[in-house]
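A.B. asks: Quick one, fold the following:
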Amino acid sequence: MSVLDSFLGTTGFATMTSGHLMMIVIGIIFITLAITKDYEPLLLLPIGFGIIVGNIPHIKSMALGVYDAGSVLYYIYFGVSQGIFPPLIFLGIGAMTDFSTMLSNPKLVLLGAAAQVGIFLTLIGALYIGFTPEEAAAVAIIGGADGPTAIFLSAKLAPHLLGAIAIAAYSYMALVPVIQPPVMKLLTTRKERLIRMKEPREISTRERIIFPIAAFLIAALIAPGSIALLGMLFFGNLMKESGVTDRLAETARHAMVDIVTILLGFSVGASTQADTFLTPQSLLIFGLGAISFAVATAGGVLFAKTMNLFLKEKINPLVGAAGVSAVPDSARVVQMVGQEEDPQNYLLMHAMAPNVAGVIGSAIGAGILWSVLVK
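C.D. replies: All right, here's what the predicted structure looks like:
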């Protein structure tokens, strides 16, 4: 009987708390949204199951969780906590990305820059309510709607907030089709949503090859802190556009990025243990993240409207909402909202320009914040 009593004391049932149950329910909700609503299933499903795994209680002497040195999950989570996985994700994104629409209409890059206003306004707000400068910077980057960048910066500046920031960033990335349309419709008129834009010009192979090299040099010299992210992004793109490393580019954009996404999503989910995650600070992070994302969307739309005051060829202001870094979901939302007004208006390719510019902009923003705040 003493052996049986000892065993029962080690089960998850014996040490389960209301916090663990709450987090397990949240994990199930994430999985449900991924399967039934198709909200970023490649992210929400591994994160959701990781949340369930991370909240199975166990006795302290057993090294099982992501924070227990020597456990399997600890070594998987090492890629998150040390900022290894995000650059690998960027390598895959670069090998997938076509910058031709951005190159064909360079002024749309400004919309990607304008959307980063969400980062810097949230930084000010986070400082105001009591976060340290390092914590505020890590929280603010959620406004870029770029999960890998948010993980990378928080790992460098505020590792104790990494779990909450990662979950918030990926949650809002998944909820792009829910959060962005109301903001876009509120800030535009029907006449503006009906604007049709001229077809982008054809971009030569030479331009495609030169761009990643030149863009990296400029961005890295401005913000050396972005070297790891942008170096991998533009290296992946160069492999794609060069035409001589197709096999490497294929591996980067499929097998490698899929493997890293699985490990990153699962380990980030497993890091949300109830005793470290369910805190007032985590709730503040989620609230600031939502505001940041909405402000970033509004910033892109309003800047497009401002540009139209000076342009002969008008920009559809909806395209400005794609300035956040959620590639390609924000661009798809622009297409969806535009076609609600005019089914023959194709905005997807135009929206991809500020969308990929937003990826670059958020990485530069993270590099600047890291450079300024690093101790």
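
A.B. asks: what distance separates stretch 71-87 from the centre of its chain?
C.D. replies: Centroid separation for stretch 71-87 versus its chain: 17 Å, with C-alpha atoms, centre = their mean, to the nearest Å.

A.B. asks: Mean confidence (pLDDT) on that stretch, please.
C.D. replies: Averaged over stretch 71-87, pLDDT sits at 93.

A.B. asks: Alpha carbons only: can I get that stretch in CSV?
C.D. replies: Extracted in CSV, the C-alpha atoms of stretch 71-87 (Å, rounded to 0.1, in the frame of the first residue of the first chain):
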residue,chain,number,x,y,z
SER,A,71,15.0,17.3,-19.9
VAL,A,72,14.2,16.6,-23.5
LEU,A,73,11.9,19.6,-23.8
TYR,A,74,14.6,21.8,-22.2
TYR,A,75,16.9,21.0,-25.2
ILE,A,76,14.2,21.5,-27.7
TYR,A,77,13.3,24.9,-26.1
PHE,A,78,17.0,25.9,-26.3
GLY,A,79,16.4,26.8,-29.9
VAL,A,80,13.7,29.3,-28.7
SER,A,81,15.4,30.6,-25.6
GLN,A,82,18.7,31.3,-27.4
GLY,A,83,17.1,32.8,-30.5
ILE,A,84,18.2,30.0,-32.9
PHE,A,85,14.9,29.0,-34.4
PRO,A,86,13.7,32.5,-35.6
PRO,A,87,16.6,33.1,-38.1
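
A.B. asks: shift numbering so it begins at 18
C.D. replies: OK, 18 is where the count begins now, so the last one is stretch 88-104.

A.B. asks: For it, which residues meet the burial criterion?
C.D. replies: By 16 or more other C-beta atoms under 10 Å, the buried positions in stretch 88-104 come out as 90-91, 93-94, 96-98, 100-104. From N, CA and C alone the C-beta is placed, and that goes for glycine too.

A.B. asks: and what of stretch 68-78?
C.D. replies: Applying 16+ other C-beta under 10 Å to stretch 68-78 flags 68-74 as buried.

A.B. asks: And for stretch 163-181?
C.D. replies: Within stretch 163-181, the residues scored as buried using 16+ other C-beta under 10 Å are 163-176, 178-181.

A.B. asks: In which helix or strand does residue 94 reside?
C.D. replies: Assigned by DSSP states H and E, residue 94 falls within helix 89-98.

A.B. asks: packing partners for that helix?
C.D. replies: helix 164-174, helix 179-191, helix 274-287 (3 or more C-beta pairs under 8 Å, 6 or more residues apart in numbering; DSSP states H and E).

A.B. asks: Next, the angle from the last one to helix 179-191.
C.D. replies: Here helix 274-287 runs at 120 degrees with respect to helix 179-191, directions being taken by axes from the mean of the first three to the mean of the last three C-alpha atoms, to 10 degrees.

A.B. asks: Which ones among the buried residues of stretch 68-78 map onto helices?
C.D. replies: Mapping the buried residues of stretch 68-78 onto helices (DSSP state H) picks out 68-71.

A.B. asks: now, among those residues, which is nearest to residue 305?
C.D. replies: Closest approach to residue 305 among those (C-beta to C-beta): residue 68, at 20.9 Å.

A.B. asks: Point out where the stretch 268-392 of the chain drops to low pLDDT.
C.D. replies: Along the stretch 268-392 of the chain, segments meeting pLDDT under 70 span 392.

A.B. asks: and which of the buried residues of stretch 88-104 is nearest residue 336?
C.D. replies: So of the buried residues of stretch 88-104, ranked by how close each gets to residue 336 (C-beta to C-beta), first place is residue 103, at 26.8 Å.

A.B. asks: list the contacts for the closest residue to that closest one other than its chain neighbours?
C.D. replies: Closest residue to residue 103 apart from its sequence neighbours, by C-beta to C-beta, 6 or more residues apart in numbering: residue 165 at 3.6 Å. The neighbours of residue 165, taking C-beta atoms under 8 Å, 6 or more residues apart in numbering as the test, are 102-104, 106-107, 246, 281.
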